[in-house]
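> Mind looking at a prediction? Sequence and model below.
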Amino acid sequence: MMKNENGKLEIHRPSQRRNKSCTFPIIIDSEEVDTISDGERISIIFSPGVHTIYTKKSWLKSSPVQVDISPINSTELIITSNGLLGYKYWLSLIIMGIVVPLGASMGVAGFPIMILGCYFASSYTSRPVIITTSNHL
């Protein structure tokens, strides 16, 4: 009887209102190996060893996480969207409250200002985050 030499990577994405309709790619060692939807739990069989894992949503990339995948124990990760806490929440509202009216008052020339302001504010609100629960280096 042959032993299974691969390790198991379990990934859970809890259901959230933010990014509910988005599917996040699972990128391991610069290769997209799977995707995960809102409220989904997936298992990926992968070679043992240290691997770098991240995900992204459009232009927003999570911080890479290094995990040690073992053939003996499964490795667990949670992928979620960061929430705005404290000053970041108010900062994004202030940016939107200043930039959008400023850009609108400038007519066509203000359109790039509005786009950049919205981009900056949305970067705080919907960036994916990987939370490790085991075998994190």
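Okay, I see it. Residues are numbered from 1 along each chain as shown.
> so Val50 touches Ser70, yeah?
No - in this structure, Val50 is not within contact of Ser70 by C-beta atoms under 8 Å, at 10.4 Å. C-beta: built from backbone N, CA, C; applies to glycine.
> out of those two, which sits in the busier spot?
Set side by side, Val50 and Ser70 show more neighbours around Ser70, with 14 against 11, by other C-beta atoms under 10 Å.
> List the residues that contact the residue nearest to that one when sequence neighbours are not counted.
Using C-beta to C-beta, 6 or more residues apart in numbering and skipping residues adjacent in sequence, the residue nearest Ser70 is Gly7, 5.2 Å away. Listed by C-beta atoms under 8 Å, 6 or more residues apart in numbering, the contact set of Gly7 reads Ile45, Phe46, Ser47, Pro48, Ile69, Ser70, Pro71, Ile72, Asn73, Ser74, Thr75.
> Let me know how buried the first one is, in neighbour terms.
Each residue near Ile45 was counted by other C-beta under 10 Å, and the total is 11.
> all helices of this protein, in order?
With helices called from DSSP state H, the chain shows them at 87-105, 111-125.
> per-stretch mean pLDDT over those, give me the minimum one.
The weakest mean pLDDT among the helices of the chain belongs to helix 111-125, with a mean of 67.
> quick revisit: before we move on, what's the pLDDT of the residue nearest to Ser70?
pLDDT recorded at Gly7 is 87.
> So in terms of bridging, what pairs with it?
Phe46 (DSSP bridges).
> Please tell me how far it sits from Glu31.
Per C-beta to C-beta, to the nearest Å, Gly7 is found 16 Å from Glu31.
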